[in-house]
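Q: Need the 3D shape of this:
(one chain, ligands or ions: 2)
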Amino acid sequence: MPLASRLNPQQRRAAEHPPGDGPLLVIAGAGSGKTMTLASRLAWLVQQGADPQRVLLLTFSRRAAAEMARRAGRLLHEALRLPARTAPPTLPWCGTFHGVAARLLREEAPRLGLAGGFTVIDRADAQDLMALARQSLGLAESERRFPLAPTCLAIHSRAANTGRPLHELLLASHPWCLEHESELQRLFAAFTQAKLQQQSLDFDDLLLGWWHVMRTPALAARIGARFDHVLVDEVQDINQLQADLLHALAGQGCRLTAVGDDAQAIYGFRGADVRHVLSFPQRFTPPACVVTLERNYRSTPQVLQASNAVIARAAERFTKTLWTERAAGLLPRLITVQDEAAQARGVADAVLAQREAGLALKRQAVLFRAAQHSAALELELVRRGVPFVKFGGLRFLEAAHVKDVLAVLRWADNPRSRLAALRSARLVPGMGPASVRRLLDHEGPLAEYKPPAAAATPWHALRSLLEQLRGPEARWPEDLARVVAWYQPHLERLHDDARVRLADLAQLTQIAAGHASRERFVTELTLDPPEASSMEAGPPQRDEDYLVLSTIHSAKGQEWNAVHVLDVVDGCIPADLAAGSAAEIEEERRLLYVAMTRARDELSLWVPQRFHLTQQRALGGRHVYALRSRFVDESMLAHFELVQPTAPEPGPDGVVDAGPVLLDLAAALRGTLP
Ligand code: ATP
Ligand code: MG
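A: Ligands and ions are numbered 1, 2, ... in the order given. Model prediction:
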């Protein structure tokens, strides 16, 4: 078959693993073709007669799922010799664990005692609810400092995702909260109660809900009967709950295939644990078949050697070192620059030079540890008119105006959502806190609620909007246009930069058209928000050329011909020096490995000697002298071409900057430390 001729023998063994032989795990390093193998397997299964409607494809984003469906579709086209214009089969069940959970719960809602119109709330909303519960229990005023809402939510979420008892979890990760254990229990009960009352589920509830379904034999059988095959990419980043879900699906007769790389596990901070993958085969009887891949097809030997050197220092590792047959390329560059401004200029220069040399912007990417690290570069790119798109970081959906519009849609769908009601009602001029509270406590039809006289007209407008949205004339996506039309005067009243924000809402309207219904739109957007785009440049058209800026987390699974990694300094990678446990530091090392292995041909690691810290802890920010990341130590320098800055420029006060000298001194000192 033409499909298979492109795969190497191990890949082929995985792609054509007979479903009857039990679950399959492909565990292999970066760029070894795991995703490609999974897509080939999907195509092979369909070719063997599997029904694409009954395949569940779990990936880490909708974008990744769409990409996989595209690849599999292309393979199928070839394999089945479909006429050029016929569309490849569609895969209705692909997405993230959370997205699939939301859909299953909604479809099964009547059998779960759950209102089908439940609202999915994002982390920010969950945090607001937690804060309200904390306040209503009087914990905010307690004498001994009670953990703040974000901490409470983090603890709650970790407990949900790892299934560990609260006491054990506090001991391990939040020992200073141990004295509050019983209050935390009370708080979590109130938090759950509030969500139930408002028919709102947060991200953790979705997985928990699905898990409960799988524990009820009759329901589990219904879910199991929907799917013949379950395919999972990036399985190293699943948590306990997700591992249990896969196991339960397999128990219902779904044929399981999972691919992943333990060296790329980067979601430990959300409760993921690579041990789930490693213990994966043994959880099944007979144990899952394990296929390993060791040949890398992505990178030049030089890029691969440098990446291998970085990951070789990892404390724990299971996958083998990769090899490649690609022709020799350039050494990766380790570029030291004065500061972040020089870094931004340097990256922009390099990217434009590459484009001059014929490499499209789209084939290049700039990666960074945290979304704010690209700020200087973004300004530089805007200044030079270089179009770019940014992935990860501040999400479009976190913007106040987008949240406002979504709140009205949510309230329309779920009249019991106090959060949505609160956010919507606050937009009405003349509604003070007391009137809003009265509204939240109001039972019965909205028409019976009496607003304060000053708010009568604008309240009436909101009320009739809601009535329209809930009434028989509701239409999608026209409903969104109605909400935006209602919202526009409020937007102009509340924000100086209404014009820019309106452009976001126009984009939202565009996205809306691609969703089948209001409820699917709101849920899917909450779960898997569109990535933020550039500030002024606006979202480039699909066929235009643009540079990709991405957090390392959002770059997972992708590849570019040229990759720049910003701020390869201690304090950025690893992120926080003081607070990191050994396990967290190891996760940061894997993060650098993920970044480096995105490159096909050219890789540049940038080391600014001074950078601006803008973390909450250093309010207002400050400059610090940085050291090259500890993950690139002396012994690895041979794998790089070292690029040093030219003569030091005078500092802001006219004095020659002592930075580089200090840096050498500090490096020398560090060498003597354990
Ligand atoms: P990651 O760990 O980063 O997710 P991966 O293991 O999923 O990587 P893929 O993205 O599937 O790797 O493949 C990496 C590159 O190698 C892709 O460009 C893919 O097309 C190519 N590739 C994979 N297998 C083969 C093969 N057998 N022959 C030629 N090219 C291949
Ligand atoms: Mg992959």
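Q: quick one: whatever residue of the stretch 201-350 of the chain ends up closest to ligand 2 and residue 34, what's the gap?
A: Closest approach between the stretch 201-350 of the chain and ligand 2, counting by Cβ to the ion: residue 233, at 6.0 Å. No exception for glycine: its C-beta is placed from N, CA and C like everyone else's. From residue 233 across to residue 34, the span is 7 Å (Cβ to Cβ, to the nearest Å).
Q: Common neighbours of these two, please.
A: Jointly contacting residue 233 and residue 34 under the rule Cβ atoms under 8 Å, 6 or more residues apart in numbering are 259, 260.
Q: Measure how buried the residue of the stretch 201-350 of the chain closest to ligand 2 is and give me the count.
A: By the criterion of other Cβ atoms under 10 Å, residue 233 has 25 neighbours.
Q: With adjacent residues omitted, what lies nearest to it?
A: Nearest non-adjacent residue to residue 233, counting by Cβ to Cβ, 6 or more residues apart in numbering: residue 59, 4.8 Å away.
Q: quick one: low-confidence ranges for the stretch 351-500 of the chain?
A: 392-398 (pLDDT under 70).
Q: For it, just list every one of the helices.
A: Ranges of helices in the stretch 351-500 of the chain, per DSSP state H, counting those that start in this stretch, are 375-384, 400-413, 418-425, 433-441, 456-470, 478-494, 498-512.
Q: chain center to stretch 78-93: distance?
A: With Cα atoms, centre = their mean, to the nearest Å as the basis, stretch 78-93 stands 29 Å off its chain's centre.
Q: sorry, that was for stretch 42-56
A: Taking mean C-alpha positions (Cα atoms, centre = their mean), stretch 42-56 and its chain are 27 Å apart.
Q: Give me the buried positions along the one helix or strand residue 311 maps to.
A: According to DSSP states H and E, residue 311 maps onto helix 301-312. Buried residues in helix 301-312, counted by 16 or more other Cβ atoms under 10 Å: 301, 302, 303, 304, 305, 306, 307, 308, 309, 310, 311.
Q: what do you get for stretch 467-478?
A: 468, 469, 474, 476, 477.
Q: what's the answer for stretch 203-220, then?
A: Buried-residue list, stretch 203-220, by 16+ other Cβ under 10 Å: 203-211, 213-214, 219-220.
Q: Make JSON lines from the residues you listed and add pLDDT and secondary structure to it.
A: Below are the buried residues of stretch 203-220 laid out as JSON lines (pLDDT from 0 to 100; DSSP: H, G, I helix; E, B strand; the rest coil):
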{"residue": "203", "pLDDT": "89", "secondary structure": "helix"}
{"residue": "204", "pLDDT": "89", "secondary structure": "helix"}
{"residue": "205", "pLDDT": "91", "secondary structure": "helix"}
{"residue": "206", "pLDDT": "92", "secondary structure": "helix"}
{"residue": "207", "pLDDT": "91", "secondary structure": "helix"}
{"residue": "208", "pLDDT": "90", "secondary structure": "helix"}
{"residue": "209", "pLDDT": "91", "secondary structure": "helix"}
{"residue": "210", "pLDDT": "94", "secondary structure": "helix"}
{"residue": "211", "pLDDT": "93", "secondary structure": "helix"}
{"residue": "213", "pLDDT": "93", "secondary structure": "helix"}
{"residue": "214", "pLDDT": "94", "secondary structure": "helix"}
{"residue": "219", "pLDDT": "94", "secondary structure": "helix"}
{"residue": "220", "pLDDT": "95", "secondary structure": "helix"}
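Q: Of the residues you listed, which is the nearest to residue 176?
A: residue 204 (22.8 Å; Cβ to Cβ).
Q: Which phi and psi values does residue 56 adopt?
A: phi -100, psi 120 (degrees, to the nearest 10).
Q: got the contact list for it?
A: 93, 94, 100, 226, 227, 229, 230, 231, 249, 254.
Q: just residue 200 next, same as before
A: Counted by Cβ under 8 Å, 6+ apart, residue 200 has contacts 118, 119, 120, 121, 125, 129, 414, 417, 419.
Q: Which pLDDT value goes with the first one?
A: Meaning residue 118. Note on residue 118: pLDDT of 88.
Q: Would you state the helices of the stretch 501-650 of the chain in chain order?
A: 518-527, 552-555, 582-596.
Q: Considering the ones you listed, which stretch scores lowest in mean pLDDT?
A: helix 518-527 (a mean of 83).
Q: which helices and strands sit right next to it?
A: Here helix 518-527 touches helix 97-112, strand 119-121, helix 400-413, helix 478-494, helix 498-512, going by 3 or more Cβ pairs under 8 Å, 6 or more residues apart in numbering; DSSP states H and E.
Q: which of the ones you listed is buried the deepest?
A: Ranked by mean neighbour count, the helices and strands packed on helix 518-527 are led by strand 119-121 with a mean of 24 (mean count of other Cβ atoms under 10 Å).
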